[in-house]
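Colleague: Any chance you can model this:
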Amino acid sequence: VQRRPLQYQRRPLRAFPLRNSLLFPYGFCLRLTELIKMSHSYLTPCNPASVSTVCTAVLLCVVTFTLLHHQTAAEDTKCAVGCRCYDNIANCSHLGVSFVPKWDRFSVSLIELDFTGNRIDNLDESGLIGYVNVRRMSFRNNEIKKVHPKAFQGLTENLLYLDLSSNTIHTVDSITFSFIPKLEVLLISNNSIAFLENTVFSDLTVLRQLDLSFNYLSQVADGTFEKNSQLEFLSLRHNNIDSISKMTFRALQNLKHLDLSHNKISVIVQDAFLALQQLEWLSLAHNNIKEVSTNLCESVERVLHLDLSANVIDYIKPFSQCSQLQTLSIAHNHVSELPQQALFGLFSLTHLDLSHNRLTHFGPEVFVAPEMSVSDIRSTALHHNNSACPQYQSLYRHLKLLKLDNNQISSLDRCVFAPVSSLQVVDVAANSLSALDYRILLPLENVSSFDVSCNRLSTVDGETAQWLLDSGTGTAVNWTGKCFVCVCV
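Modeller: As a prediction, this is how the structure comes out:
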């Protein structure tokens, strides 16, 4: 039987691009299928030559597809030598490298790059070009001294998180962050920055968290945060800032956390915090503040945590406007007296620390309402000699901790704990108490810890001893620091 020769040109070949992608093997195998169908039309099934031709073509298709598939997969998992890459994250930390590898050493889908703990000493103009998809980048704990003004120009607008903390950066140019306007978190703590231009953060309009702690800033120029209205967290602790003006934070109406501790601030300017209507946490600890402004709580009326410890405050003015306050620390100051009503209005307070001051007396009058004078209190108390100061009716039902230790208190009013009967922890250690009226203990029905150690107590009367017995194992009482004689009659 005469066979017609194969006519491969009988049907025109469809042109398809020869690319380094999965389209090439797909197009190749599609054309191969057409060739096989043509072969079946003209070749005898038992012809060895025809079978060999088809099998070779099929094998070629499979090999080509497999190689290209592995090449594509390899491109998706590319990782610079020494780095650990997984799930679009490259961990290049603690390798001792002194430069940033070129972007083409990683897969194009990289979204997080960590160079923590290396020896990189500068970020130059072109070192980061190409990292267009990276959203999080950390250069924490390197040796970076200089950041080129255009160091971040290659990162486009995808970068959301940048950590430059724990380096030796001295200056930051005003245009440095203009190339990454979508940045939400910027950490520059623990560097050597002594001055910032007031436009350095102007392009970061969606910034939410900024940490400038542990630097050498002596001032924060007005307008520095003018464009950062979305900022929620700001830390300026451990700097050399000596003053804050009423213009410094005026644009930060969404700020919730502000840390100004460990600076050299001596005066809180009136209305310095007036714009901070959302502020919940404020620390002015470890400064040189001598007096607290009367309108501090009016400015930050929603604040929940206020730390004024380790200053040189010698007089406390009423905190009546801080109705939302939950924790208040005035520890390690020079306060020698608390005026009547000084703590009135703090009905949400749970923790109060007045330790390490110079108080000689602490009585219930600091909690009473303005319309309730001391004479009214004494008059009411005369009619209730046998009860635990009912005139106060536990005004402060949320207070759980009261620290009065390390003062010079020589006596406690018998009604001192009546307004705060919900107390669980009471610390009056290291004072000058020589006697303890058992009636001060009667309102403390929920106390779990009572510390009167290191005082001048020498005897314990029968009523006090009975209170200790009635409280059982639920209350830990610390009497250490003195030898006692029990005069239980």
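Colleague: Could you report the distance from the spatially most central residue of the chain to residue 207?
Modeller: Central residue of the chain (Cα atoms, centre = their mean): residue 233, 7.2 Å from the mean position. Per Cβ to Cβ, to the nearest Å, residue 233 is found 10 Å from residue 207. All C-beta spots, glycine's among them, are computed from the backbone N, C-alpha and C.
Colleague: cool, residue 196 as well?
Modeller: For residue 196, the distance to residue 207 (Cβ to Cβ) stands at 14 Å.
Colleague: more crowded one of these two?
Modeller: Applying other Cβ atoms under 10 Å to residue 196 and residue 207 shows that residue 207 carries more neighbours, namely 24 against 19.
Colleague: Am I right that the more buried one is in contact with residue 188?
Modeller: No. Residue 207 is beyond contact range of residue 188, at 11.9 Å (criterion: Cβ atoms under 8 Å).
Colleague: Need the per-residue pLDDT for residue 396.
Modeller: Note for residue 396: predicted pLDDT of 72.
Colleague: number of nearby residues for it?
Modeller: Neighbour count for residue 396, taken as other Cβ under 10 Å: 23.
Colleague: List the residues that contact the closest residue to it other than its chain neighbours.
Modeller: Excluding the flanking residues, the one nearest residue 396 by Cβ to Cβ, 6 or more residues apart in numbering is residue 420, at 4.6 Å. When contacts are counted by Cβ atoms under 8 Å, 6 or more residues apart in numbering, residue 420 touches 367, 394-396, 399, 402, 443.
Colleague: Mind doing that once more with 7 Å?
Modeller: By Cβ atoms under 7 Å, 6 or more residues apart in numbering, the contact set of residue 420 is 396, 399, 402.
Colleague: pLDDT at it, what is it?
Modeller: Per-residue pLDDT puts residue 420 at 89.
Colleague: What of residue 33?
Modeller: Looking at residue 33, the pLDDT reads 54.
Colleague: Does residue 188 touch residue 167 like I think?
Modeller: No. Between residue 188 and residue 167 there is no contact under Cβ atoms under 7 Å: 8.5 Å.
Colleague: more crowded one of the two?
Modeller: Relative neighbour count places residue 167 above the other of residue 188 and residue 167, with 25 against 22, counting by other Cβ under 10 Å.
Colleague: How much space separates the more buried one from residue 305?
Modeller: According to Cβ to Cβ, residue 167 and residue 305 sit 30 Å apart.
Colleague: go on, residue 159?
Modeller: 32 Å.
Colleague: More neighbours: which of those two?
Modeller: The residue with more neighbours, out of residue 159 and residue 305, is residue 159; 25 against 16, by other Cβ under 10 Å.
Colleague: Run through the residues that contact the more buried one.
Modeller: Residue 159 touches 134-135, 137, 180, 182-183, counting by Cβ under 7 Å, 6+ apart.
Colleague: Adding distance to residue 458 and neighbour count, write these out as JSON lines.
Modeller: Below are the contacts of residue 159 laid out as JSON lines (distance: Cβ to Cβ, whole Å; neighbours: other Cβ atoms under 10 Å):
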{"residue": "134", "distance to residue 458": "70", "neighbour count": "24"}
{"residue": "135", "distance to residue 458": "67", "neighbour count": "16"}
{"residue": "137", "distance to residue 458": "65", "neighbour count": "22"}
{"residue": "180", "distance to residue 458": "68", "neighbour count": "21"}
{"residue": "182", "distance to residue 458": "69", "neighbour count": "16"}
{"residue": "183", "distance to residue 458": "64", "neighbour count": "24"}
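Colleague: among those, which are in strands?
Modeller: If you go by DSSP state E, those have residue 137 in strands.
Colleague: tell me the two of the contacts of residue 159 that are most distant?
Modeller: 137 and 182 (12.9 Å; Cβ to Cβ).
Colleague: what's stretch 262-270 in contact with?
Modeller: Contacts to stretch 262-270, defined as Cβ under 7 Å, 6+ apart, come from residues 237-246, 284, 286-290, 292-293, 295-296.
Colleague: At which residues are the strands of the stretch 51-200 of the chain located?
Modeller: 84-86, 89-91, 112-114, 122-123, 136-138, 146-147, 161-163, 185-187 (DSSP state E, counting those that start in this stretch).
Colleague: okay, now residue 263: neighbour count?
Modeller: By other Cβ under 10 Å, the residues close to residue 263 number 24.
Colleague: From residue 212, how far out is it?
Modeller: Using Cβ to Cβ, residue 263 is found at 11 Å from residue 212.
Colleague: Which residues are in contact with residue 288?
Modeller: If you count contacts by Cβ under 7 Å, 6+ apart, residue 288 has them with 264-266, 311-312.
Colleague: which among those residues end up buried?
Modeller: For the contacts of residue 288, a burial check counting by 16 or more other Cβ atoms under 10 Å picks out 265, 311.
Colleague: Can you tell me which of the contacts of residue 288 end up in helices?
Modeller: Judged by DSSP state H, helices contain none of the contacts of residue 288.
Colleague: In the chain, where is pLDDT below threshold?
Modeller: Scanning the chain for pLDDT under 70 picks out 1-77, 370-388, 393-394, 471-474, 482-489.
Colleague: So what's the residue count around residue 432?
Modeller: When neighbours are counted by other Cβ under 10 Å, residue 432 registers 12.
Colleague: contacting residues around the closest residue to it other than its chain neighbours?
Modeller: Excluding its sequence neighbours, the residue lying closest to residue 432 (Cβ to Cβ, 6+ apart) is residue 410, at 4.4 Å. Applying Cβ under 7 Å, 6+ apart, we find residue 410 in contact with 360, 432-434.
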